[in-house]
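Chemist: the following comprises the amino acid sequence and a computationally predicted model.
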Amino acid sequence: MHETIHTIVFEEKKGGGNPCPVTIHADDLSPADMQEMTKRFGQESAFLSSPTREDCDVRSRYYVPEHEMGMCVHATVGSAMVLAEKGLVKKSPIVFETPFGPVPVEWERKNGVIEAAVSQFLPKFRTDVPTREEIAKALRIPAEQILDGPIETVATSRFKLIIPLASKEVIYSLEPDYEYLWEVCDKYDVSGFYPYAVQEENGSPVFYARQFPQRAGYPEDPATGVAASALSAYLTAHRLIPVSEGWNAITVKQGEAMGKPSVIGADCFVENGEITRTRVRGSAYIVPTPPEMRLKELGITLPPANTPIGSYVPGVRSGNLIFTSGQTPKEGNALKYTGKLGKDLTVEEGKDAARLCALSCLAIIRDLAGSLDRVKRVVKLTGFVNSDPSFTAQPKVVDGASDFIKEVFGEAGAHARAAVGMASLPGDAACEVEMIVELES
């Protein structure tokens, strides 16, 4: 049975890196299943299954929300880390069976972190490229901000358009015309724009870049291993960095303009002046499934926040805390469950009613926080149960809300609680739930 594990790859600072869902034991999934799951995830995803080649250890398929890809380096780094952390592989390298062929990945554990080096292929260069005017129009910048260095499409797996720009500040200011950029990608058969600028830091060059992929289902990527590898080959081939025999390493920083700072190592091995090997280096770690992602996995769409029926607001934020008003079990604008537990409704119906109440609480929290992913922990949940005088199973009813909250938030959903029997509730609602949550600073 398949299992999806969420990872962050190439993180430079907290909140950075490129997320990647890695699904293991994916033999039971069809290509249509994988594509549909990736659309729900909204992120580049990897699916690992049994290999079909004897010289490979695992088969990997890569998807973005709109289509399948032949290679995704950050997903391969994340996959190698998952295989190692789950004890599914013991040796290094792991040889991945990809649509492009076998890809060895060397890995080791350093200070408790899995670091991986993903082999790429010999570089290919194409000079049939967009004009500077086309590039400037796509990036919406003056043409003079494009440097005189060569503009080429380069691939060590997938072709990227490498564009030298004047400065890091220009890189960060980019606001592309995406529709036109994608048209240019179609015209020149390239999978994305990769503008970069170099800046000296601590005596060494650091390459700042952004990746605008071709119709991937999102406009920008926070960390792109295949593009960093192409950039490394471009810089090495044109001797835009000092080049020596052996490994030549560069550091690429990406994603900061998106608020997701990432760092990628990309290397070329030179023998007798020629590039003979390429690779991408980085680390990854497993993260709890983000709440917004978990809702997608569960196939749940939050309703709009309910309109108050009295002189109050749906919720209040005070500092890093959000307090919701009490929510009743509504679908649309109508109460779904009314009456007393123990007389009109069963415990199972009460649990479903409490779950609906919790769903409405989450809609309020999202409105006030911007995203459920900002919730650090659920602090307290209080449930009020419309009870027949003889009914004493209020805790079981409120479990419907508590279990749902823990399903969405994982360990962060463990909360303090009260379950209170009531003689009546507004509208004869079966129950009412209110919540307190703490947000990340």
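Modeler: Nice, thanks for sending it over.
Chemist: contacts for stretch 296-313?
Modeler: 4, 40-42, 289, 295, 314-315, 325, 327, 330-333, 359-360, 362-364, 366-367, 407-408, 426 (C-beta atoms under 8 Å, 6 or more residues apart in numbering). No exception for glycine: its C-beta is placed from N, CA and C like everyone else's.
Chemist: and it, end to end?
Modeler: 28 Å (C-alpha to C-alpha, to the nearest Å).
Chemist: buried set for that stretch?
Modeler: Residues of stretch 296-313 classed as buried by neighbour count (16 or more other C-beta atoms under 10 Å): 296-297, 302, 305-306.
Chemist: tell me which of those fall in helices.
Modeler: Using DSSP state H, the members of those that fall within helices are 296-297.
Chemist: between the buried residues of stretch 296-313, which has the least confident prediction?
Modeler: Lowest pLDDT of the buried residues of stretch 296-313: Glu297, 80.
Chemist: what residues of the strand or helix carrying Tyr180 count as buried?
Modeler: Per DSSP states H and E, Tyr180 falls inside helix 178-188. Across helix 178-188, burial judged by 16+ other C-beta under 10 Å covers 181-182, 184-185.
Chemist: which secondary structure elements does that helix sit against?
Modeler: Where contact means 3 or more C-beta pairs under 8 Å, 6 or more residues apart in numbering; DSSP states H and E, helix 178-188 is packed against helix 132-139, strand 192-201.
Chemist: Ser360 contacts Lys330, doesn't it?
Modeler: Yes - counting by C-beta atoms under 8 Å, Lys330 is a contact partner of Ser360 at 6.5 Å.
Chemist: quick revisit: and the buried residues of stretch 296-313, which two are the farthest apart?
Modeler: Greatest spatial distance among those (C-beta to C-beta): Glu297 and Asn306, at 24.7 Å.
Chemist: biggest strand in this protein by residues?
Modeler: If you go by DSSP state E, the chain has its longest strand at strand 274-287.
Chemist: and that strand, which strands flank it?
Modeler: strand 3-9 (antiparallel), strand 113-120 (antiparallel), strand 262-271 (antiparallel) (DSSP bridges).
Chemist: for Ile146, which of these is the nearest?
Modeler: Nearest to Ile146, of the strands paired with strand 274-287 and by C-beta to C-beta, is strand 262-271 at 22.0 Å.
Chemist: and the helices in the stretch 1-150 of the chain?
Modeler: 31-41, 73-85, 132-139 (DSSP state H, counting those that start in this stretch).
Chemist: quick one, which of those is packed in tightest?
Modeler: Scoring these by mean neighbour count under mean count of other C-beta atoms under 10 Å gives helix 73-85 as the most buried, with a mean of 28.
Chemist: now Ile151: how far from Arg239?
Modeler: From Ile151 over to Arg239 the distance is 17 Å, taken as C-beta to C-beta, to the nearest Å.
Chemist: hang on, I meant Glu292
Modeler: Relative to Arg239, and taking C-beta to C-beta, Glu292 is found at 46 Å.
Chemist: neighbour-wise, which of those two wins?
Modeler: Glu292 (15 against 9; other C-beta atoms under 10 Å).
Chemist: thought Gly370 was touching the more buried one, still the case?
Modeler: No - look at Glu292 against Gly370 with C-beta under 8 Å: they stay out of range, at 10.6 Å.
Chemist: thinking again about what came up before, of the helices and strands packed on helix 178-188, which approaches Pro219 most closely?
Modeler: Closest approach to Pro219 among the helices and strands packed on helix 178-188 (C-beta to C-beta): strand 192-201, 10.6 Å.
Chemist: which parts of the closest one are buried?
Modeler: 192-198.
Chemist: pull the CA atoms of it into PDB?
Modeler: C-alpha atoms of strand 192-201 as PDB (Å, rounded to 0.1, in the frame of the first residue of the first chain):
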ATOM      1  CA  GLY A 192      12.000  27.200 -18.300                       C
ATOM      2  CA  PHE A 193      13.800  30.500 -17.900                       C
ATOM      3  CA  TYR A 194      16.700  30.500 -15.400                       C
ATOM      4  CA  PRO A 195      18.000  34.100 -15.000                       C
ATOM      5  CA  TYR A 196      21.000  34.500 -12.700                       C
ATOM      6  CA  ALA A 197      23.400  37.000 -11.300                       C
ATOM      7  CA  VAL A 198      26.700  36.600  -9.500                       C
ATOM      8  CA  GLN A 199      27.700  38.300  -6.200                       C
ATOM      9  CA  GLU A 200      30.900  38.000  -4.200                       C
ATOM     10  CA  GLU A 201      30.300  36.800  -0.700                       C
END
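Chemist: re earlier: could you dump the strands paired with strand 274-287 to TSV with mean pLDDT, mean neighbour count and distance to Glu349?
Modeler: Output for those, formatted as TSV (pLDDT from 0 to 100; neighbours: other C-beta atoms under 10 Å; distance: least, C-beta to C-beta, whole Å):
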stretch	mean pLDDT	mean neighbour count	distance to Glu349
strand 3-9	93	21	31
strand 113-120	95	21	47
strand 262-271	97	22	48
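Chemist: and the longest helix along the chain, what does it pack against?
Modeler: When the chain is parsed with DSSP H, its longest helix is helix 347-369. When contacts are defined as 3+ C-beta pairs under 8 Å, 6+ apart, helix 347-369 packs onto strand 315-318, strand 321-324, strand 330-331, strand 375-386, helix 394-409, strand 431-439.
Chemist: and the angle for that helix with strand 375-386?
Modeler: Taking axes from the mean of the first three to the mean of the last three C-alpha atoms, to 10 degrees, one finds helix 347-369 and strand 375-386 inclined to each other by 140 degrees.
Chemist: buried residues, helix 347-369. List them.
Modeler: For helix 347-369, the neighbour count (16+ other C-beta under 10 Å) marks 347, 349-366, 368-369 as buried.
Chemist: CA atoms only for it, dumped as PDB, please.
Modeler: What follows is helix 347-369 as a C-alpha-only set of coordinates in PDB (Å, rounded to 0.1, in the frame of the first residue of the first chain):
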ATOM      1  CA  VAL A 347     -23.600   9.300  19.300                       C
ATOM      2  CA  GLU A 348     -22.300   8.700  15.700                       C
ATOM      3  CA  GLU A 349     -24.500  11.500  14.400                       C
ATOM      4  CA  GLY A 350     -23.300  13.700  17.200                       C
ATOM      5  CA  LYS A 351     -19.700  13.000  16.300                       C
ATOM      6  CA  ASP A 352     -20.300  13.900  12.700                       C
ATOM      7  CA  ALA A 353     -22.100  17.100  13.900                       C
ATOM      8  CA  ALA A 354     -19.000  18.000  16.000                       C
ATOM      9  CA  ARG A 355     -16.800  17.400  13.100                       C
ATOM     10  CA  LEU A 356     -18.800  19.900  11.000                       C
ATOM     11  CA  CYS A 357     -18.500  22.400  13.800                       C
ATOM     12  CA  ALA A 358     -14.700  22.000  13.800                       C
ATOM     13  CA  LEU A 359     -14.600  22.400  10.000                       C
ATOM     14  CA  SER A 360     -16.300  25.800  10.400                       C
ATOM     15  CA  CYS A 361     -13.800  26.700  13.100                       C
ATOM     16  CA  LEU A 362     -10.900  26.000  10.700                       C
ATOM     17  CA  ALA A 363     -12.500  28.300   8.100                       C
ATOM     18  CA  ILE A 364     -12.400  31.100  10.600                       C
ATOM     19  CA  ILE A 365      -8.900  30.400  11.600                       C
ATOM     20  CA  ARG A 366      -7.700  30.400   8.000                       C
ATOM     21  CA  ASP A 367      -9.400  33.700   7.300                       C
ATOM     22  CA  LEU A 368      -7.600  35.300  10.300                       C
ATOM     23  CA  ALA A 369      -4.200  33.600   9.800                       C
END
